[in-house]
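In: sharing a model that was predicted from the sequence below.
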Amino acid sequence: MNPYHARRPRMRGERYLKFRCTECGNCCSDTIVPVTDEDVRRLAAGMGLKAADVATLYRESDFDDKGEGLQFANLEGGRRTLGLLKRQDRANGREACRFFVGDRCSAYAHRPVTCRVWPFTLGFDASGRRVSSLSINPALPCPYELDGRNTVAELAADWRWDDRQDAAWAAKVSAWNRAHSTGTRDEFFAFLGLA
């Protein structure tokens, strides 16, 4: 075998590159989808909505894991973070993302980055450049199939996009918290440029 055409080393979880969503809706229902101001801007512009029609503020206690890893702003009534609005889904009796309509994402082209990377969890090598492992996040039941096509390059690009967006969001929330011991939703949205 020509060494220049040798197959790259296998990564843990490589089989998940064949992941295919079965459109069960579990990730769009009965969960809060945390978002950043950039997600809200993209969704609002793409769907022709106001920011307040896209996202709302949730408490730490609204999350099963108490919002572990999320950024919370100091607001009236306690600490809050942005999440997609939810609605009652009459078809299945569950709460669902306001964009989950007819068992489909009605905002798919403009969806949050967290939705783009879900349900994957990527691990990187020590250099941070190469994906070394791929797994399915166990936070929600996901009855996927393994007959799809995903590329490491696309998954890594979305994962890095998510990391950059999360870092920018964390900096904005930190700046808000340094400047405000409390505030209203409208003041926070104005601070984020979402008013």
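Out: That came in fine, so what should we check first? On a predicted model such as this, the values are computed, not experimentally measured, just so you know.
In: quick one, strands of this structure?
Out: For the chain, the strands defined by DSSP state E occupy 55-59, 73-75, 78-84, 86-89, 94-97, 100-101, 104-105, 120-124, 131-136.
In: Cys21 is nearest to which of those strands?
Out: strand 104-105 (10.1 Å; Cβ to Cβ). Bear in mind the C-beta positions are built from the backbone N, C-alpha and C, glycine included.
In: neighbours around Cys33, how many?
Out: Small correction: residue 33 is Val, not Cys. Using other Cβ atoms under 10 Å, Val33 has 22 neighbouring residues.
In: quick check: closest non-adjacent residue to it.
Out: Leu84 (4.3 Å; Cβ to Cβ, 6 or more residues apart in numbering).
In: now Phe100
Out: Distances taken as Cβ to Cβ, 6+ apart put Cys28 closest to Phe100, at 3.9 Å, once the chain neighbours are dropped.
In: so what's that neighbour up against?
Out: 96-97, 99-100, 105 (Cβ atoms under 8 Å, 6 or more residues apart in numbering).
In: what does Trp176 give?
Out: Contacts of Trp176 (Cβ under 8 Å, 6+ apart): 73-74, 183, 188, 191.
In: tell me where this protein has helices.
Out: Taking DSSP state H as the test, the helices found in the chain are 37-47, 113-117, 152-179, 185-191.
In: to Arg59, which of those lies closest?
Out: helix 185-191 (12.5 Å).
In: against Trp169, how distant is the most centrally placed residue in the chain?
Out: For the chain, Thr114 is the residue whose C-alpha lies nearest the centre (Cα atoms, centre = their mean; 1.8 Å). Here Thr114 is placed at a distance of 11 Å from Trp169 (Cβ to Cβ, to the nearest Å).
In: closest one to Ala179 among the strands of the chain?
Out: Comparing these by Cβ to Cβ, strand 73-75 comes nearest, at 9.7 Å.
In: just checking: what are the partner strands of the helix or strand bottoming out on mean pLDDT in the chain?
Out: Across the helices and strands of the chain, mean pLDDT, DSSP states H and E gives its lowest value to strand 86-89, namely a mean of 85. Within its sheet, strand 86-89 is paired with strand 94-97 (antiparallel), according to DSSP bridges.
In: what's the neighbour count on Asp147?
Out: Neighbour tally, Asp147, other Cβ under 10 Å: 8.
In: pLDDT below threshold where in the protein?
Out: For the chain, applying pLDDT under 70 flags the ranges 1-9, 91-92.
In: mind running it again at 90?
Out: 1-11, 23-26, 29-31, 64-67, 88-95, 101-104, 128-129, 139-141, 195 (pLDDT under 90).
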